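Colleague: need coordinates for the below:
(one chain, ligands or ions: 2)
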Amino acid sequence: MEQYLLDNFDLPAKNPSEEAQRRWRSAVGSLVVKNRRRRFRHVPDLDQRHQDHAKRRSVQEKIRVALYVQQAAITFIGGAKKNEYQLTDYIIKAGFSINPEELASITSKHDLKALKMHGGVDGISKKVRTTFDRGVCATDLDTRQSIYGVNRYAEKPSRSFWMFVWDALQDTTLIILMVCALLSVVVGLASEGWPKGMYDGLGIILSILLVVMVTAASDYKQSLQFKELDNEKKNIFIHVTRDGGRQKISIFDLVVGDIVHLSIGDQVPADGLFIHGYSLLIDESSLSGESEPVYTSQDKPFILAGTKVQDGSAKMIVTAVGMRTEWGRLMSTLSEGGEDETPLQVKLNGVATIIGKIGLVFATLTFVVLMTRFLIDKGLTVGLSNWYSTDALTIVNYFATAVTIIVVAVPEGLPLAVTLSLAFAMKKLMNDKALVRHLAACETMGSAGTICTDKTGTLTTNHMVVDKIWIAEVSKSVTSNSSLEELNSAISSSAWSLLLQGIFENTSAEVVKGNDDKQTVLGTPTEIAIFEYGLSLQGYRDAEDRSCTKVKVEPFNSVKKKMAVLVSLPGGGHRWFCKGASEIIVEMCDKVIDQDGDVIPLSDDRRKNITDTINSFASDALRTLCLAFKDVDEFDENADSPPNGFTLIIIFGIKDPVRPGVKEAVQSCITAGIIVRMVTGDNINTAKAIAKECGILTDDGIAIEGPDFRNKSPEEMRDLIPKIQVMARSLPLDKHLLVTNLRGMFQEVVAVTGDGTNDAPALHEADIGLAMGIAGTEVAKESADVIVLDDNFTTIINVARWGRAVYINIQKFVQFQLTVNIVALVINFVSACITGSAPLTAVQLLWVNMIMDTLGALALATEPPNDEMMKRPPTGRGESFITKVMLRSLEVRMVTSRSPTALMTYSWRVISGWIQVAFAILALLIFLNSFVVQVCPARLLFGAAFVWKSTPA
Ligand SMILES: Nc1ncnc2c1ncn2[C@@H]1O[C@H](COP(=O)(O)OP(=O)(O)OP(=O)(O)O)[C@@H](O)[C@H]1O
Ligand SMILES: [Ca+2]
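Modeller: Ligands and ions are numbered 1, 2, ... in the order given. Prediction:
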């Protein structure tokens, strides 16, 4: 059996091949699937998907042609001739002076001529009543939405409850039973008269209706849950300027005229025009399939929705939203292709198929036996040539019983229970700050053996403050005003102005005024820490230090690990400022400023002193950054910042404390057999200090730097990798390499966290990619399977807990189903052979089935995780699902026939609402009546009653 499952029902959790997806579908066949629509509802329709891909590619191709092939640009998708656009009274009255279609077409057609005609980006901004520094007014958002549209894509209407009822009715066996019931009513009425003759048939019909309603209700509820999660997934937050202040708004609230701030890793939320920015590199591949990213600037100001910011930063003005963008049209052509099936779902489809086939055999056997006995009986008593209408009724009843056995025996609920269980876990996780993007991730996370985690923000709080500095050859701690006082007297005024200039020019942080006039600093935590430190110093100097203009900005990214700006000085000449990872900046310096503010050469002694300072800061778990400058007379507009010749100004030591609870979480990982490895872009000593504090780095573990790791041979890697606990100064590439090797060489199930754009490959490669919700970029989130909304390591462990719970719950549910199924089958068959009648009538079997498939799944599949689950090692890759333990317990259960007890215990747990209470009691009464009293020995009855009583209400 295990082998059969492995051959036909084995699917990798991530990026399964189409062949594997088709294989299991065909292995399921159609004989034992009672309701195709329902069974495969949560599984993508591969043919449909194929068509969608083709459709999408052709739209992309059209866009590509329009954007990249010059002549075609004139005859863009909308049509060849020049449109006459008119302003309606409504638009004029509202104070706007451009037609929405016309505005949208400027960007989508990259129509420079039309843009010029409207007075360029400036002109457009006036026509849509917005200004670059104040943005739109919050008061006229509704008018804008009614004229220029809402930033949503047309979606298919969601399915109503009655559609789920219709789906549930598509069940072949139920349809057959219906027919039987109708026959039985007709025959019954004819032979036994009104009303007695129709009891049997009516009972079946009512039961079927009940089964259908309960099934539909449960499915409907699940679909609502998925919809909710789906909305959550699509809801991205973006930064805009409105009413003169910078704010974070939902992508759905974006309107034409909004001023959007774009930075590296963002997905462009709407069509727009470039206002101002630095080295903005846009990746248009998702829209046009064109893989070469394009530089966007004032000369080429068109930015299209759905593209991604690969580098740089910019502000843009929104010109079209929602369905007026190409992206909107592209998105709305996509059908809901369905989530990829998960390995557990597939495996359980396999189990269900096997049991279904067995059920089919038994059902046929039961029918044959019943018929044979009936015929023999008949032949012995009245003779085979005399037929009465009661005989027909008996046969219809036999047939109904046989069909019902199939209803019970084909465990249709089994694969659906996985979906139910996963959906439940997803919902709970959502409340606990983890957004599961792919169903399978939750399941895989339960078997994760390694977590490669970021440091900053995940293990630490990401609330950074400058704690120590080194300037003019002395280190000082930054604690109180008195230390500022001291600093003020210690360094010369030229050093002061260099420092302040450096801090305030070389930054991507920004001071914004909220609605309540309170100032806040926006930016990454590192930037904020330095900026705020600068603000605290500013009290000692005047603003005159800040009067230079930025010429060029090279924004920070985690490959370069530095940020550079070029400013033109008020007195003439230009100056580069560069700040970044301490070792890298120090490497670029050959001078340093001393206490008098003079520039002196960096002798070996001084260099050693600096390195020692950096190491001592780092060993105190401080993140170290350096700031340096270089004056230049002339520069090339297109050249990068110089690689050397800088003068070091200051070393910052920034404190970023470990999050509370992380140490315990790491400990619980160790207990659960999950190895935690820290992969960080930070300094190795900082990383080690933090790792020790969290309990990640132990005495026999290894801490290594990215460049060292990268250059190891495969053999060395094989020895090294299991021992690596910390990897510092790593590039995103190193993270990817580590993950590939852990998976390839060691068959580990690997979870990886990431935030940056460059982490996308590692997130993609990992079994479970976890992106950070706060610090993470859109690109990282898009490549991830789970989004950790609070960036917290503890949340990641919670995902693992739920993953394990899902796995164990499903195991329990399979066990429960198998027990009941097999017991019902055997009892029916044996008693049919011995007594000539089935002990469970069709109605009773339907009850049993309802409890099992729907309510049982609800009870068992939704049990929350407990601490015990985190005390055993993870189930590794390819471990058999129907483990030996399960099989053994199954045998025991079958022998002692404990199923009624189990059934009752479980159905009791199910009972949550009053309707369910009524159902369950009714079901149990019937069940007790038939199953327990007639078939089971008295011991079991007492046992059952005991369980019944002792289960708290
Ligand atoms: N805004 C910035 N400007 C200049 N340098 C920075 C900036 N932010 C971080 N750095 C430097 O770059 C280094 C590496 O950053 P990187 O993004 O690779 O790591 P991280 O993501 O911050 O850390 P982790 O991987 O632990 O989350 C930091 O240690 C710091 O020295
Ligand atoms: Ca990182």
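
Colleague: do the helix or strand harbouring Leu537 and ligand 2 come into contact?
Modeller: Assigned by DSSP states H and E, Leu537 belongs to helix 525-538. No - using C-beta under 5 Å from the ion, helix 525-538 never reaches ligand 2; the gap is at least 11.4 Å. The C-beta positions use only the backbone N, C-alpha and C, and glycine is treated the same way.

Colleague: other SSEs contacting that helix?
Modeller: Secondary-structure packing of helix 525-538 (3 or more C-beta pairs under 8 Å, 6 or more residues apart in numbering; DSSP states H and E): strand 465-471, helix 481-490, helix 493-505, strand 519-522, strand 622-632, strand 646-655.

Colleague: same thing but 6 Å
Modeller: strand 465-471, helix 493-505, strand 519-522 (3 or more C-beta pairs under 6 Å, 6 or more residues apart in numbering; DSSP states H and E).

Colleague: that one: which residues count as buried?
Modeller: 525-534, 537 (16 or more other C-beta atoms under 10 Å).

Colleague: in TSV, list the residues you listed along with pLDDT and distance to ligand 1.
Modeller: Below are the buried residues of helix 525-538 laid out as TSV (pLDDT from 0 to 100; distance: C-beta to the nearest ligand atom, whole Å):
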residue	pLDDT	distance to ligand 1
Pro525	90	8
Thr526	93	4
Glu527	93	5
Ile528	93	10
Ala529	94	10
Ile530	94	8
Phe531	92	10
Glu532	90	14
Tyr533	90	14
Gly534	89	13
Leu537	83	18
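
Colleague: what would those look like in a markdown table with distance to Cys548?
Modeller: Output for the buried residues of helix 525-538, formatted as a markdown table (distance: C-beta to C-beta, whole Å):
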| residue | distance to Cys548 |
| --- | --- |
| Pro525 | 26 |
| Thr526 | 23 |
| Glu527 | 19 |
| Ile528 | 22 |
| Ala529 | 23 |
| Ile530 | 18 |
| Phe531 | 17 |
| Glu532 | 21 |
| Tyr533 | 20 |
| Gly534 | 15 |
| Leu537 | 18 |
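
Colleague: can I get stretch 35-53 in PDB, CA atoms only?
Modeller: Taking Å, rounded to 0.1, in the frame of the first residue of the first chain, the C-alpha atoms of stretch 35-53 are listed here in PDB:
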ATOM      1  CA  ASN A  35     -18.500  13.900  -6.300                       C
ATOM      2  CA  ARG A  36     -15.900  15.200  -8.700                       C
ATOM      3  CA  ARG A  37     -16.800  18.800  -8.300                       C
ATOM      4  CA  ARG A  38     -16.400  18.700  -4.600                       C
ATOM      5  CA  ARG A  39     -13.400  16.500  -4.400                       C
ATOM      6  CA  PHE A  40     -11.400  18.600  -6.800                       C
ATOM      7  CA  ARG A  41     -12.700  22.000  -5.800                       C
ATOM      8  CA  HIS A  42      -9.500  22.900  -4.000                       C
ATOM      9  CA  VAL A  43      -7.300  21.500  -6.800                       C
ATOM     10  CA  PRO A  44      -6.400  23.500  -9.900                       C
ATOM     11  CA  ASP A  45      -7.900  22.500 -13.100                       C
ATOM     12  CA  LEU A  46      -4.700  21.900 -15.100                       C
ATOM     13  CA  ASP A  47      -6.200  22.300 -18.500                       C
ATOM     14  CA  GLN A  48      -7.800  25.600 -17.500                       C
ATOM     15  CA  ARG A  49      -4.500  26.700 -16.100                       C
ATOM     16  CA  HIS A  50      -2.800  25.900 -19.300                       C
ATOM     17  CA  GLN A  51      -5.300  28.100 -21.200                       C
ATOM     18  CA  ASP A  52      -4.800  30.900 -18.700                       C
ATOM     19  CA  HIS A  53      -1.100  30.800 -19.100                       C
END
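
Colleague: just give the nearest non-adjacent residue to the residue of the stretch 101-250 of the chain found nearest ligand 1, would you?
Modeller: For the stretch 101-250 of the chain and ligand 1, the shortest gap (C-beta to the nearest ligand atom) falls at His239, measuring 16.4 Å. Spatial nearest neighbour of His239, excluding adjacent residues (C-beta to C-beta, 6 or more residues apart in numbering): His261 at 4.1 Å.

Colleague: which pLDDT value belongs to that neighbour?
Modeller: Looking at His261, its pLDDT reads 93.

Colleague: how close does it sit to Glu693?
Modeller: From His261 over to Glu693 the distance is 35 Å, taken as C-beta to C-beta, to the nearest Å.

Colleague: and the helices and strands packed on helix 525-538: which comes nearest ligand 1?
Modeller: helix 493-505 (11.4 Å).

Colleague: now the element after the closest one, going C-ward?
Modeller: That would be, after helix 493-505 and using DSSP H and E, strand 510-513.

Colleague: Leu566 in helix, strand or coil?
Modeller: Secondary structure, DSSP: H, G, I helix; E, B strand; the rest coil: Leu566 is strand.

Colleague: around it, how many other residues sit close by?
Modeller: By the measure other C-beta atoms under 10 Å, the count of residues near Leu566 is 23.

Colleague: swap in Trp194?
Modeller: Trp194 - counted by other C-beta under 10 Å - has 8 other residues nearby.

Colleague: wait, a helix at it?
Modeller: No - read with three-state DSSP, Trp194 is coil and lies in no helix.

Colleague: pLDDT at it, what is it?
Modeller: 80.

Colleague: phi, psi for it please.
Modeller: The phi and psi torsions at Trp194 (degrees, to the nearest 10) take the values phi -80, psi 140.

Colleague: could you do the one 10 residues further on as well?
Modeller: With angles defined as degrees, to the nearest 10, Ile204 shows backbone torsions of phi -60, psi -40.

Colleague: how many residues are close by the residue of the stretch 101-250 of the chain closest to ligand 1?
Modeller: His239: 18 neighbours (other C-beta under 10 Å).

Colleague: just the pLDDT for the residue lying closest to Val32 once chain neighbours are set aside.
Modeller: Distances taken as C-beta to C-beta, 6+ apart put Gly356 closest to Val32, at 3.0 Å, once the chain neighbours are dropped. Gly356 carries a pLDDT value of 85.

Colleague: one more: Val32?
Modeller: So Val32 comes in at 75 (pLDDT).

Colleague: Met588 too?
Modeller: 95.

Colleague: for the stretch 601-750 of the chain, which segments count as helices?
Modeller: 604-619, 662-671, 684-694, 706-710, 714-720, 732-746 (DSSP state H, counting those that start in this stretch).
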